[in-house]
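S.K.: Dropping a prediction and its sequence here:
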Amino acid sequence: RKEVEQDPGPFNVPEGATVAFNCTYSNSASQSFFWYRQDCRKEPKLLMSVYSSGNEDGRFTAQLNRASQYISLLIRDSKLSDSATYLCVVKTGTGRRALTFGSGTRLQVQP
Amino acid sequence: NAGVTQTPKFQVLKTGQSMTLQCAQDMNHNSMYWYRQDPGMGLRLIYYSASEGTTDKGEVPNGYNVSRLNKREFSLRLESAAPSQTSVYFCASTSGQGTDTQYFGPGTRLTVL
């Protein structure tokens, strides 16, 4: 079983739609959680951290469920510019080796 | 402020050839990383450097060596390239001071024939 699992998609949604992605992680000792965005043939960039109480940044909402070991990302009012791959990232333990990246979920927003 | 830069952007090698991928950051970050990204695999850590003068193996270090030349620069060397090393290579850095946010370079697309 992969440490961090994501549905690869693609998720094809119309502009204005609401879309949600889930990510599951296997290590219950995981401490920190992040969503990164990666545009086609570009480098990953931090989208948002995920806090225990859930957090929102504009149209983006991230949730953490420690009991079920998953995190989610909700995108409201999808824009064409949201088309990208969304990477789930989990930190387990301390030290510089600790970040584990999921393989990503691809989102395609259509006009 | 360029962030993290990588050279070259593209490279084609023949099996057995060697090359060095260069990475530099201008954010005064302590920690630097090399990852490879393959389809369906996610980013996998090759080597990292927690601070100037130190390097450590990551998840997939075989076939690679690294040098932390100074605080700014962290290079990745392939001594004898193999087709299995065909991948996109990303360098990243983080300040290492209470934050886990990693800043990535634009990547190097390497093909080994």
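M.R.: All right, it came through fine.
S.K.: now chain A, which segments are flagged as low pLDDT?
M.R.: A:93-98 (pLDDT under 70).
S.K.: Residue numbers of it in contact with chain B?
M.R.: Proximity of chain A to chain B, by CB under 8 Å from any CB of the partner chain, involves residues A:4, A:8, A:32, A:34, A:41-46, A:49, A:87, A:91, A:95-97, A:99-104. For glycine as for every other residue, the C-beta is placed from the backbone atoms N, C-alpha and C.
S.K.: quick one: contacts for residue 91?
M.R.: Answering for chain A, as no chain was given. A:K91 makes contact with A:S30, A:Q31, A:S32, A:F33, A:F34, A:A98, A:L99, A:T100, B:D100, according to CB atoms under 8 Å, 6 or more residues apart in numbering or on different chains.
S.K.: that answer is for a different chain, and I need it for chain B
M.R.: B:4, B:6, B:21, B:23, B:25, B:32-35, B:74, B:76, B:104-105.
S.K.: Just those: which are in strands?
M.R.: B:V4, B:Q6, B:L21, B:C23, B:Q25, B:M32, B:Y33, B:W34, B:Y35, B:F74, B:L76, B:F104 (DSSP state E).
S.K.: Is stretch B:48-61 positioned near chain A?
M.R.: Yes - using CB under 8 Å from any CB, stretch B:48-61 reaches chain A at B:Y48, B:A50, B:D56, B:G58, B:E59.
S.K.: so how far is B:G107 from B:L78?
M.R.: Using CB to CB, to the nearest Å, we find B:L78 at a distance of 15 Å from B:G107.
S.K.: hmm, back to that, tell me which ones among the ones in strands among the contacts of B:C91 also neighbour chain A, please.
M.R.: Answer for these near chain A (CB under 8 Å from any CB): B:Y33, B:Y35, B:F104.
S.K.: Can you flag the buried ones in these?
M.R.: Buried subset of those (neighbour count, 16 or more other CB atoms under 10 Å in any protein chain shown): B:Y33, B:Y35, B:F104.
S.K.: From these, pick the one nearest chain A.
M.R.: B:F104 (3.8 Å; CB to the nearest CB).
S.K.: among the ones in strands among the contacts of B:C91, who's most crowded?
M.R.: The most crowded member of the ones in strands among the contacts of B:C91, judged by other CB atoms under 10 Å in any protein chain shown, is B:M32 (31 neighbours).
S.K.: beta partners of that one?
M.R.: B:S49, B:S93 (DSSP bridges).
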